[in-house]
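Colleague: Below: sequence and its predicted model.
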Amino acid sequence: MRINTLLVGAVVSLVCLNANAIDSKYREKLERSGCTQISEMQGCDINKTKAENAKAGYGSSQTEATPKASTGHGDRQLTAVSDEGLTVAKIRIDAKNQVWVNGKSVKAKHTGGALHFQQGMITYTVTDNPDAASFWMDTDAGTKGDIKAQSGM
């Protein structure tokens, strides 16, 4: 009985020690590349620099691959954030309801007073009313979060 208790305790201790979200080397690669864990799943390469990933359409830098923000009336710059406050995606919606997620154009459908679009496993819902709650949901990971207007716009 005592051996079983010690064995269970040892197994539980090992499991608890391995419950870190990400290790420091992986975090450094994410920071250097400008990727997030979610954008990495969508193709962002953590072994490249921020500039290289921005050219491929990932990250927040404006490059040739990223559409330039127009000065037209109705452009919205939004950020999808996780519960921890981390950026999941940068979203741009122009006056014609054309949508870009992390610099890549996506098809959007307007129904029920909101714009709905998807990239990978993440579905985004942006309400017409800027004061109403907009949100994203990752059906594969079972996560969700808010979509907020970018500050300083």
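Modeller: Thanks, I have the structure now. Numbers count the residues shown, from 1 in each chain.
Colleague: Quickly list the domain ranges of the chain.
Modeller: Annotated domains of the chain cover 20-66, 70-153 [automatic domain parsing].
Colleague: Now render those domains as TSV, adding distance to Arg2.
Modeller: Any C-beta I mention is one placed from the backbone N, CA and C, and that applies to glycine too. Below are these laid out as TSV (distance: least, CB to CB, whole Å):
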stretch	distance to Arg2
domain 20-66	31
domain 70-153	39
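Colleague: So for Thr5, which of the ones you listed sits nearest?
Modeller: domain 20-66 (26.2 Å; CB to CB).
Colleague: In this protein, where is pLDDT below threshold?
Modeller: 1, 6, 10, 12-22, 41-42, 58-74, 151-153 (pLDDT under 70).
Colleague: Would you map the strands across it?
Modeller: 76-81, 87-93, 99-101, 104-106, 108-111, 114-119, 122-127, 134-138, 143-149 (DSSP state E).
Colleague: just so I know, which of these lies nearest Leu30?
Modeller: strand 87-93 (11.4 Å).
Colleague: now what about the closest one, what contacts it?
Modeller: Contacts to strand 87-93, defined as CB atoms under 8 Å, 6 or more residues apart in numbering, come from residues 36, 38-39, 60, 67, 69, 75-82, 99-103, 108, 115, 119, 122, 124, 126, 136, 145, 147, 150.
Colleague: redo that, cut-off 7 Å
Modeller: Strand 87-93 has contacts (CB atoms under 7 Å, 6 or more residues apart in numbering) with 36, 38, 60, 67, 69, 75-82, 99-102, 115, 124, 126, 136, 145, 147.
Colleague: Can you tell me which of those residues are classed as buried?
Modeller: Buried by 16 or more other CB atoms under 10 Å: 36, 38, 76, 78-82, 99-102, 115, 124, 126, 136, 145, 147, out of the contacts of strand 87-93.
Colleague: closest to Val8 out of the strands of the chain?
Modeller: strand 143-149 (31.0 Å).
Colleague: excluding its backbone neighbours, what's nearest the most centrally placed residue in the chain?
Modeller: What sits nearest the mean C-alpha location of the chain, by CA atoms, centre = their mean, is Val88, with 1.7 Å. Of all residues not flanking Val88 in the chain, Ala80 sits nearest, at 4.2 Å (CB to CB, 6 or more residues apart in numbering).
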